[in-house]
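Undergrad: missing the sequence, but the structure's below:
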């Protein structure tokens, strides 16, 4: 199954898309990676979904990536036994560490870490920003706030803290249990929610220990402020625009998306644009024109992947949503403006042999109009370097590591194939030629470019470029 686009599609699984037939239809329609949202998935369901995806993978013959998205800390006010009060602008409203019955004067905030961290001037956004409070004082037992944006406040509404850095990490006890279950189920990616600082990633890496890749979700202003440090410790990035748009002014989100996308490409790490991309397709078989433009913008920007959330998880038209996203991506990439934009955003290669070879491979392949760039990659690094260059030439990543081939399903332009490592240079050429022909990228007489590391089987040592011609039989190389 060769895609006719370079950008990848993530589809979230849920009530509308949990059975094997629907997952297979989603994959055939264009989904390259499936997201399992641990906010709504228990461990038995997680194992069932992974087993089902692997069955679809076996049937379709293509590596499929699986992303387990951890819930992260859910911060909520307590309850209002007498009903939801209406908070007037300018009124005082207190947040209590002790348990009280909530009313128009205040409510329990059952998170000691918040009570310890709030300072005068800090904002609290309630119910996705529908209400806004600003702290006047805090003695660590009662925080007195002034209502800046009023409205009804009811039981268990979520709290966002755009100005406050919590002393606790991003992992909750639930997240730790979910993370271990995901590792046991052999998922390919873990997404960490509500990252605030690089230290939040350290515990995750200690637990993961290389068993899967770690994606940081950028959805808090604190993460935006320390993005350079966070991306250095991340294997990939997600622009989680939903919560980001709650905690930051909405008008800033497009610029942040553009900045993060370009920085991730500069670092050679996959970046996913997520949230509300085709939101109306939860209930409608066709999207709005604005949603189509939103998807197109992410593709023009060179994002590695675009993601569907409720559209595929709980919507009425999950397969149609994937088909629509696939069509938009294909159309954008065929645009006369697309390649000029992608080329204009290309970063200079890092001063390493592997990066220099990847940049040279892209230039040689485009100058000679070669049919494919074939990368032998055990660790995935060579494939990601090739992807970072955003060549017009198709990229085939051959890996002896099935889990690595699945991880690379997320990266821009990579067609990943599981293959044994080459035994010698002749085997390297023959294997590359055969797979290029079998996967539909080349035919007899076509030329391909091969990158690899010598000696073979040494991860991270890309130091060879070879141009080969597909033989008269259509599969051998010369």
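TA: Right, received. Where do you want to start? Since the model is a prediction, treat every value here as computed from it, not as a measurement. Residues are numbered from 1 along each chain as shown.
Undergrad: please count neighbours and contacts with C-alpha atoms only from this point.
TA: Will do.
Undergrad: quickly note the distance from residue 272 to residue 292.
TA: Look at residue 272 and residue 292: by CA to CA, to the nearest Å, they are 17 Å apart.
Undergrad: the two: which is more packed in?
TA: Set residue 272 next to residue 292 and count neighbours by other CA atoms under 10 Å: residue 272 wins out with 27 against 18.
Undergrad: now the more buried one: which helix or strand?
TA: strand 271-274 (DSSP states H and E).
Undergrad: for residue 463, give me its contacts.
TA: Going by CA atoms under 8 Å, 6 or more residues apart in numbering, residue 463 touches 353, 354, 357, 451, 452, 453, 454.
Undergrad: just want the phi and psi numbers for it.
TA: Note on residue 463: backbone dihedrals following degrees, to the nearest 10 are phi -150, psi 20.
Undergrad: can you give me the strands in the stretch 201-350 of the chain?
TA: Using DSSP state E, counting those that start in this stretch, the strands of the stretch 201-350 of the chain run over residues 213-218, 236-240, 271-274, 305-308.
Undergrad: out of the ones you listed, the one nearest residue 113 is which?
TA: The closest of the strands of the stretch 201-350 of the chain to residue 113 is strand 213-218. By CA to CA, the value is 21.2 Å.
Undergrad: what is the mean pLDDT for the closest one?
TA: Strand 213-218 shows a mean pLDDT of 98 in the predicted model.
Undergrad: partner strands of it and their direction?
TA: Strands that pair with strand 213-218, judged by DSSP bridges, come out as strand 189-192 (parallel), strand 236-240 (parallel).
Undergrad: let me have those strands in a markdown table, adding mean pLDDT as columns.
TA: What follows is these, written out as a markdown table (pLDDT from 0 to 100):
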| stretch | mean pLDDT |
| --- | --- |
| strand 189-192 | 98 |
| strand 236-240 | 98 |
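Undergrad: turn those strands into a markdown table, columns for mean neighbour count and distance to residue 133.
TA: Below are the strands paired with strand 213-218 laid out as a markdown table (neighbours: other CA atoms under 10 Å; distance: least, CA to CA, whole Å):
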| stretch | mean neighbour count | distance to residue 133 |
| --- | --- | --- |
| strand 189-192 | 26 | 27 |
| strand 236-240 | 25 | 24 |
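Undergrad: related to what we said a few turns ago, in ChimeraX, select just the buried ones from the contacts of residue 463.
TA: Entered in ChimeraX, the line below selects the buried ones among the contacts of residue 463, by 16 or more other CA atoms under 10 Å:
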select :354,357,451,452,453
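Undergrad: which stretches of the stretch 151-300 of the chain aren't confidently modelled?
TA: The stretch 151-300 of the chain contains no residues with pLDDT under 70.
Undergrad: all helices of it, in order?
TA: If DSSP state H, counting those that start in this stretch is used as the criterion, the helices of the stretch 151-300 of the chain fall at 173-184, 199-208, 221-225, 227-232, 241-247, 253-267, 289-300.
Undergrad: break this protein into its domains for me.
TA: 8-72+170-344, 86-160, 353-469 (automatic domain parsing).
Undergrad: end to end, how far does the longest one reach?
TA: This stretch, domain 8-72+170-344, spans 21 Å end to end (CA to CA).
Undergrad: surely residue 390 touches residue 411?
TA: No - using CA atoms under 8 Å, residue 390 is not in contact with residue 411, being 10.4 Å away.
Undergrad: and these two? Which one has more around it.
TA: Neighbours of residue 390 and residue 411, each counted by other CA under 10 Å, are more numerous for residue 411; the result is 28 against 24.
Undergrad: next, residue 17: secondary structure please.
TA: coil (DSSP: H, G, I helix; E, B strand; the rest coil).
Undergrad: for it, give its distance to residue 10.
TA: 13 Å.
Undergrad: more crowded one of those two?
TA: residue 10 (27 against 24).
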